[in-house]
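Participant: The sequence and its predicted three-dimensional model are supplied below.
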Amino acid sequence: MAKPRIAMYWTGGCGGCDVSPLEVGEAIVDVLSGVEIVFWPALMDAKRAHVEALPAGSIDAVLINGALRTEENMEMVRLLREKAKLIVAYGACAHLGGIIGLGNLHSAQSLVDTALGEDWQASAPVPGANGDAPPALTAGVVPLSDAITVDYVVPGCPPPAQLIGQFFRGLLEGYMPDVGHVFAEEKALCDQCPREKEDRPIERFVRPHEIEPDPDKCLLDQGVVCMGPVTRGGCEAACPKLGMPCTGCVGPTRKAGDLAGGMISALASLVRAGEEGEDVFAQEDEILDGLVDTVGTLYKYALAGTWKRGSGGGGK
Ligand code: SF4
Ligand code: SF4
(Lines give C-alpha, C1' and ligand atoms only; values in the text may rest on other atoms or scores of the structure.)
(Ligands and ions follow the chains in the order given, each with its own letter.)
Protein backbone atom coordinates (compact mmCIF):
# COMPACT_ATOMS: atom_id res chain seq x y z
CA MET A 1 0.00 0.00 0.00
CA ALA A 2 1.33 3.46 -0.90
CA LYS A 3 2.21 5.64 2.05
CA PRO A 4 -0.39 8.34 2.82
CA ARG A 5 0.87 11.72 1.62
CA ILE A 6 0.36 14.25 4.41
CA ALA A 7 0.92 17.94 5.10
CA MET A 8 0.89 20.01 8.29
CA TYR A 9 0.24 23.75 8.21
CA TRP A 10 0.29 26.33 11.00
CA THR A 11 -1.96 29.39 10.69
CA GLY A 12 -2.78 31.67 13.65
CA GLY A 13 -1.59 29.79 16.72
CA CYS A 14 1.29 29.35 19.12
CA GLY A 15 3.09 26.55 17.27
CA GLY A 16 2.50 24.02 20.04
CA CYS A 17 0.26 21.95 17.80
CA ASP A 18 2.82 21.95 15.02
CA VAL A 19 5.29 19.97 17.12
CA SER A 20 2.73 18.03 19.18
CA PRO A 21 2.90 14.81 17.09
CA LEU A 22 6.11 14.21 19.07
CA GLU A 23 3.84 13.63 22.09
CA VAL A 24 3.24 10.07 20.88
CA GLY A 25 6.76 9.21 22.03
CA GLU A 26 8.62 6.37 20.31
CA ALA A 27 5.61 5.74 18.06
CA ILE A 28 6.67 8.86 16.16
CA VAL A 29 9.16 6.59 14.35
CA ASP A 30 6.27 4.49 12.99
CA VAL A 31 4.32 7.61 12.09
CA LEU A 32 7.16 9.27 10.23
CA SER A 33 8.19 6.11 8.42
CA GLY A 34 4.58 5.33 7.52
CA VAL A 35 3.78 8.62 5.74
CA GLU A 36 5.21 10.75 2.99
CA ILE A 37 5.44 14.36 4.15
CA VAL A 38 4.62 16.65 1.24
CA PHE A 39 4.52 19.99 3.04
CA TRP A 40 5.29 20.94 6.66
CA PRO A 41 7.06 24.30 6.79
CA ALA A 42 8.32 23.75 10.35
CA LEU A 43 10.17 20.59 9.25
CA MET A 44 11.16 21.22 5.65
CA ASP A 45 11.93 24.00 3.24
CA ALA A 46 8.76 24.18 1.20
CA LYS A 47 7.06 27.29 -0.05
CA ARG A 48 3.59 28.22 -1.17
CA ALA A 49 4.69 27.79 -4.82
CA HIS A 50 5.38 24.10 -4.11
CA VAL A 51 1.80 23.65 -2.93
CA GLU A 52 0.42 25.61 -5.88
CA ALA A 53 2.25 23.27 -8.26
CA LEU A 54 0.66 20.12 -6.78
CA PRO A 55 -2.30 18.54 -8.61
CA ALA A 56 -5.72 18.97 -6.98
CA GLY A 57 -6.51 16.24 -4.45
CA SER A 58 -2.94 14.94 -4.43
CA ILE A 59 -2.39 15.20 -0.63
CA ASP A 60 -4.21 12.49 1.33
CA ALA A 61 -4.56 14.47 4.57
CA VAL A 62 -3.69 18.04 5.50
CA LEU A 63 -3.56 18.77 9.23
CA ILE A 64 -4.16 22.46 9.87
CA ASN A 65 -3.43 23.97 13.26
CA GLY A 66 -4.18 27.51 14.39
CA ALA A 67 -7.18 29.75 13.88
CA LEU A 68 -7.68 32.10 10.94
CA ARG A 69 -6.48 35.60 11.74
CA THR A 70 -4.98 36.98 8.49
CA GLU A 71 -5.86 37.19 4.83
CA GLU A 72 -2.83 34.96 4.17
CA ASN A 73 -4.30 32.29 6.51
CA MET A 74 -7.49 32.41 4.45
CA GLU A 75 -5.67 32.05 1.12
CA MET A 76 -3.48 29.20 2.33
CA VAL A 77 -6.26 27.08 3.80
CA ARG A 78 -8.33 27.47 0.64
CA LEU A 79 -5.32 26.43 -1.43
CA LEU A 80 -4.70 23.42 0.82
CA ARG A 81 -8.37 22.44 0.67
CA GLU A 82 -8.07 22.28 -3.10
CA LYS A 83 -4.99 20.04 -2.91
CA ALA A 84 -6.27 17.73 -0.13
CA LYS A 85 -8.50 14.70 -0.02
CA LEU A 86 -9.04 15.22 3.71
CA ILE A 87 -8.70 18.30 5.89
CA VAL A 88 -8.15 17.82 9.62
CA ALA A 89 -8.79 20.65 12.08
CA TYR A 90 -5.90 19.91 14.41
CA GLY A 91 -6.02 21.49 17.88
CA ALA A 92 -8.41 23.84 19.64
CA CYS A 93 -7.51 26.93 17.57
CA ALA A 94 -8.40 25.27 14.26
CA HIS A 95 -11.38 23.47 15.81
CA LEU A 96 -12.99 26.28 17.84
CA GLY A 97 -10.93 29.42 17.29
CA GLY A 98 -8.89 28.78 20.43
CA ILE A 99 -7.40 31.23 22.87
CA ILE A 100 -6.58 33.75 20.14
CA GLY A 101 -10.31 33.88 19.45
CA LEU A 102 -10.60 35.97 22.61
CA GLY A 103 -9.13 38.72 20.42
CA ASN A 104 -12.64 39.07 19.01
CA LEU A 105 -13.51 41.00 22.15
CA HIS A 106 -11.53 43.86 20.57
CA SER A 107 -11.16 45.32 17.08
CA ALA A 108 -8.23 44.13 14.98
CA GLN A 109 -6.88 47.68 14.95
CA SER A 110 -6.94 48.05 18.73
CA LEU A 111 -5.09 44.72 19.11
CA VAL A 112 -2.35 45.90 16.77
CA ASP A 113 -2.13 49.29 18.47
CA THR A 114 -1.90 47.64 21.90
CA ALA A 115 0.76 45.15 20.78
CA LEU A 116 2.89 47.47 18.66
CA GLY A 117 2.04 50.98 19.87
CA GLU A 118 -0.09 53.48 18.03
CA ASP A 119 2.84 54.81 15.96
CA TRP A 120 3.70 51.42 14.46
CA GLN A 121 2.15 52.20 11.07
CA ALA A 122 4.63 54.98 10.37
CA SER A 123 7.54 52.55 10.52
CA ALA A 124 5.75 49.43 9.18
CA PRO A 125 6.66 48.12 5.73
CA VAL A 126 4.25 49.16 2.99
CA PRO A 127 2.24 46.18 1.72
CA GLY A 128 3.34 45.23 -1.77
CA ALA A 129 6.35 47.58 -1.78
CA ASN A 130 8.99 44.96 -1.10
CA GLY A 131 7.05 41.83 -0.28
CA ASP A 132 7.97 41.80 3.40
CA ALA A 133 4.91 43.55 4.79
CA PRO A 134 2.96 41.59 7.36
CA PRO A 135 -0.24 40.02 6.02
CA ALA A 136 -3.39 42.03 6.61
CA LEU A 137 -5.48 41.00 9.61
CA THR A 138 -9.04 39.90 9.07
CA ALA A 139 -11.64 41.79 11.09
CA GLY A 140 -11.91 38.87 13.51
CA VAL A 141 -10.67 35.38 14.30
CA VAL A 142 -12.64 32.42 12.96
CA PRO A 143 -12.15 28.66 13.26
CA LEU A 144 -11.14 26.64 10.22
CA SER A 145 -14.64 25.38 9.44
CA ASP A 146 -15.77 28.97 8.84
CA ALA A 147 -13.55 29.14 5.75
CA ILE A 148 -13.37 25.62 4.32
CA THR A 149 -15.00 22.21 4.71
CA VAL A 150 -13.36 20.22 7.50
CA ASP A 151 -13.43 16.40 7.40
CA TYR A 152 -12.04 15.45 10.83
CA VAL A 153 -11.16 17.09 14.13
CA VAL A 154 -8.26 16.15 16.39
CA PRO A 155 -9.06 18.44 19.35
CA GLY A 156 -7.09 19.74 22.33
CA CYS A 157 -4.61 22.48 23.19
CA PRO A 158 -2.48 20.85 21.97
CA PRO A 159 -4.13 17.50 21.20
CA PRO A 160 -3.23 14.87 23.79
CA ALA A 161 -1.02 11.94 22.73
CA GLN A 162 -3.82 9.37 22.87
CA LEU A 163 -5.98 11.34 20.40
CA ILE A 164 -3.06 12.02 18.05
CA GLY A 165 -2.31 8.28 18.20
CA GLN A 166 -5.92 7.36 17.34
CA PHE A 167 -5.83 9.60 14.27
CA PHE A 168 -2.51 8.33 12.91
CA ARG A 169 -3.43 4.70 13.60
CA GLY A 170 -6.57 5.12 11.50
CA LEU A 171 -4.67 6.88 8.72
CA LEU A 172 -1.79 4.38 8.59
CA GLU A 173 -4.01 1.32 8.81
CA GLY A 174 -6.37 2.71 6.15
CA TYR A 175 -9.34 2.57 8.49
CA MET A 176 -10.78 6.00 9.17
CA PRO A 177 -14.13 6.69 10.88
CA ASP A 178 -16.94 8.43 9.05
CA VAL A 179 -16.20 11.95 7.87
CA GLY A 180 -17.13 14.47 10.55
CA HIS A 181 -15.64 12.39 13.35
CA VAL A 182 -14.08 14.18 16.31
CA PHE A 183 -11.19 12.13 17.68
CA ALA A 184 -12.34 12.31 21.31
CA GLU A 185 -14.94 10.71 23.57
CA GLU A 186 -18.64 11.38 23.23
CA LYS A 187 -18.95 11.33 27.02
CA ALA A 188 -17.97 14.22 29.27
CA LEU A 189 -14.56 14.41 30.89
CA CYS A 190 -16.08 13.85 34.36
CA ASP A 191 -16.53 10.25 33.22
CA GLN A 192 -12.73 9.82 32.99
CA CYS A 193 -11.86 11.88 36.05
CA PRO A 194 -10.81 9.98 39.18
CA ARG A 195 -11.92 12.79 41.51
CA GLU A 196 -14.95 11.99 43.66
CA LYS A 197 -17.94 14.04 42.53
CA GLU A 198 -20.82 14.73 44.90
CA ASP A 199 -22.51 17.63 43.04
CA ARG A 200 -22.26 19.70 46.22
CA PRO A 201 -23.90 23.13 46.26
CA ILE A 202 -21.48 25.93 45.39
CA GLU A 203 -21.53 28.69 47.99
CA ARG A 204 -18.44 30.51 46.76
CA PHE A 205 -16.35 30.47 43.57
CA VAL A 206 -12.59 30.38 43.96
CA ARG A 207 -9.77 30.58 41.42
CA PRO A 208 -7.26 27.71 41.35
CA HIS A 209 -4.49 29.71 43.08
CA GLU A 210 -6.76 30.72 45.97
CA ILE A 211 -7.10 27.27 47.51
CA GLU A 212 -5.14 24.11 48.03
CA PRO A 213 -7.75 21.68 46.71
CA ASP A 214 -8.55 18.38 48.35
CA PRO A 215 -6.61 15.95 46.12
CA ASP A 216 -9.43 13.40 45.89
CA LYS A 217 -12.53 15.54 45.55
CA CYS A 218 -14.11 17.13 42.52
CA LEU A 219 -12.77 20.64 41.88
CA LEU A 220 -16.22 21.97 41.01
CA ASP A 221 -17.50 20.71 44.36
CA GLN A 222 -14.74 22.85 45.89
CA GLY A 223 -15.88 26.00 44.03
CA VAL A 224 -13.31 25.95 41.21
CA VAL A 225 -14.92 26.33 37.77
CA CYS A 226 -14.00 23.05 36.08
CA MET A 227 -15.47 22.54 32.60
CA GLY A 228 -15.42 18.75 32.90
CA PRO A 229 -19.22 18.34 32.84
CA VAL A 230 -19.52 19.87 29.34
CA THR A 231 -16.16 18.95 27.74
CA ARG A 232 -15.48 15.79 25.77
CA GLY A 233 -13.24 13.24 27.44
CA GLY A 234 -10.10 12.04 25.70
CA CYS A 235 -7.23 13.51 27.71
CA GLU A 236 -7.84 11.20 30.68
CA ALA A 237 -8.41 14.24 32.87
CA ALA A 238 -4.79 15.32 32.67
CA CYS A 239 -5.42 18.74 34.25
CA PRO A 240 -7.85 17.78 37.06
CA LYS A 241 -5.51 14.95 38.06
CA LEU A 242 -2.88 17.63 38.71
CA GLY A 243 -5.25 19.90 40.63
CA MET A 244 -5.99 22.25 37.74
CA PRO A 245 -9.54 22.61 36.40
CA CYS A 246 -10.47 21.52 32.90
CA THR A 247 -10.73 24.64 30.72
CA GLY A 248 -12.54 22.94 27.83
CA CYS A 249 -9.80 22.59 25.20
CA VAL A 250 -11.18 19.34 23.74
CA GLY A 251 -14.45 21.10 22.99
CA PRO A 252 -18.06 20.54 23.98
CA THR A 253 -19.84 17.23 24.14
CA ARG A 254 -22.62 16.84 21.61
CA LYS A 255 -25.09 17.10 24.50
CA ALA A 256 -23.64 20.40 25.78
CA GLY A 257 -23.50 21.85 22.25
CA ASP A 258 -21.92 25.08 23.47
CA LEU A 259 -19.26 25.18 26.17
CA ALA A 260 -20.38 28.38 27.89
CA GLY A 261 -24.10 27.73 27.52
CA GLY A 262 -23.78 24.20 28.89
CA MET A 263 -21.58 25.32 31.75
CA ILE A 264 -23.84 28.21 32.76
CA SER A 265 -26.70 25.79 32.99
CA ALA A 266 -24.57 23.36 35.07
CA LEU A 267 -23.48 26.18 37.40
CA ALA A 268 -27.01 27.51 37.73
CA SER A 269 -28.12 24.18 39.10
CA LEU A 270 -25.23 24.06 41.59
CA VAL A 271 -25.28 27.59 43.03
CA ARG A 272 -27.24 27.48 46.25
CA ALA A 273 -27.77 30.25 48.74
CA GLY A 274 -29.77 31.33 51.67
CA GLU A 275 -31.93 29.97 54.41
CA GLU A 276 -35.67 30.19 54.49
CA GLY A 277 -36.84 33.80 54.74
CA GLU A 278 -33.57 35.24 53.39
CA ASP A 279 -33.09 37.11 50.13
CA VAL A 280 -31.87 34.08 48.18
CA PHE A 281 -31.61 35.90 44.85
CA ALA A 282 -29.36 38.61 46.27
CA GLN A 283 -27.13 35.95 47.77
CA GLU A 284 -26.99 33.99 44.52
CA ASP A 285 -26.04 37.19 42.68
CA GLU A 286 -23.24 37.66 45.18
CA ILE A 287 -21.99 34.12 44.57
CA LEU A 288 -22.12 34.61 40.80
CA ASP A 289 -20.20 37.90 41.16
CA GLY A 290 -17.33 35.73 42.38
CA LEU A 291 -17.01 34.34 38.85
CA VAL A 292 -14.02 36.29 37.59
CA ASP A 293 -13.37 36.78 33.84
CA THR A 294 -16.57 35.03 32.81
CA VAL A 295 -15.92 35.07 29.05
CA GLY A 296 -12.25 34.09 29.40
CA THR A 297 -13.23 31.24 31.68
CA LEU A 298 -16.31 29.84 29.97
CA TYR A 299 -15.29 30.67 26.39
CA LYS A 300 -11.53 30.25 26.68
CA TYR A 301 -11.37 28.28 23.43
CA ALA A 302 -14.73 28.67 21.75
CA LEU A 303 -15.49 32.38 21.52
CA ALA A 304 -14.46 32.70 17.86
CA GLY A 305 -16.84 29.92 16.86
CA THR A 306 -19.71 32.06 18.04
CA TRP A 307 -18.45 35.24 16.41
CA LYS A 308 -20.91 36.55 13.87
CA ARG A 309 -19.54 36.88 10.40
CA GLY A 310 -20.24 39.96 8.36
CA SER A 311 -17.30 42.04 9.44
CA GLY A 312 -14.75 40.46 7.13
CA GLY A 313 -13.52 37.49 9.14
CA GLY A 314 -14.69 34.37 7.39
CA GLY A 315 -16.68 33.19 4.42
CA LYS A 316 -16.40 29.93 2.50
S1 SF4 B 1 -4.55 24.74 20.09
FE2 SF4 B 1 -3.22 25.39 21.78
S3 SF4 B 1 -1.23 24.44 21.32
FE4 SF4 B 1 -2.44 24.42 19.40
S5 SF4 B 1 -1.86 26.32 18.31
FE6 SF4 B 1 -3.71 26.77 19.54
S7 SF4 B 1 -2.89 27.63 21.49
FE8 SF4 B 1 -1.19 26.54 20.47
S1 SF4 C 1 -12.79 17.79 38.81
FE2 SF4 C 1 -13.73 18.52 36.93
S3 SF4 C 1 -13.54 16.80 35.50
FE4 SF4 C 1 -13.21 15.99 37.56
S5 SF4 C 1 -15.23 15.29 38.23
FE6 SF4 C 1 -15.00 17.41 38.96
S7 SF4 C 1 -15.92 18.70 37.35
FE8 SF4 C 1 -15.55 16.64 36.47
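Facilitator: Okay, I see it. None of the values given here were measured: they were computed from a predicted structure. Ligands and ions are numbered 1, 2, ... in the order given.

Participant: Going by neighbour count, list what's buried in stretch 255-262.
Facilitator: For stretch 255-262, the neighbour count (16 or more other Cβ atoms under 10 Å) marks 256, 258, 259, 260, 261, 262 as buried. Any C-beta I mention is one placed from the backbone N, CA and C, and that applies to glycine too.

Participant: could you dump those residues to TSV with distance to residue 191, secondary structure and pLDDT?
Facilitator: Output for the buried residues of stretch 255-262, formatted as TSV (distance: Cβ to Cβ, whole Å; DSSP: H, G, I helix; E, B strand; the rest coil; pLDDT from 0 to 100):
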residue	distance to residue 191	secondary structure	pLDDT
256	13	coil	94
258	19	coil	92
259	17	helix	94
260	21	helix	94
261	20	helix	93
262	15	helix	94
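
Participant: Out of those residues, which two sit at the greatest distance?
Facilitator: Distance extremes for the buried residues of stretch 255-262: the farthest pair is 256 and 260 at 9.5 Å, using Cβ to Cβ.

Participant: returning to that earlier point: got the buried residues of stretch 255-262 as CSV, with distance to residue 104 columns?
Facilitator: Supplementary listing: the buried residues of stretch 255-262 in CSV, determined by distance: Cβ to Cβ, whole Å:
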residue, distance to residue 104
256, 21
258, 16
259, 15
260, 14
261, 17
262, 20
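
Participant: With respect to ligand 1, which of the residues you listed is nearest?
Facilitator: residue 259 (14.5 Å; Cβ to the nearest ligand atom).

Participant: residues in contact with that closest one?
Facilitator: 227, 230, 231, 248, 251, 252, 298, 299, 301, 302 (Cβ atoms under 8 Å, 6 or more residues apart in numbering).

Participant: Near the fifth one, how many other residues are there?
Facilitator: Under the neighbour criterion other Cβ atoms under 10 Å, residue 251 is assigned a count of 24.

Participant: quick one: residue 234 from residue 249, how far?
Facilitator: According to Cβ to Cβ, to the nearest Å, residue 234 stands 10 Å off from residue 249.
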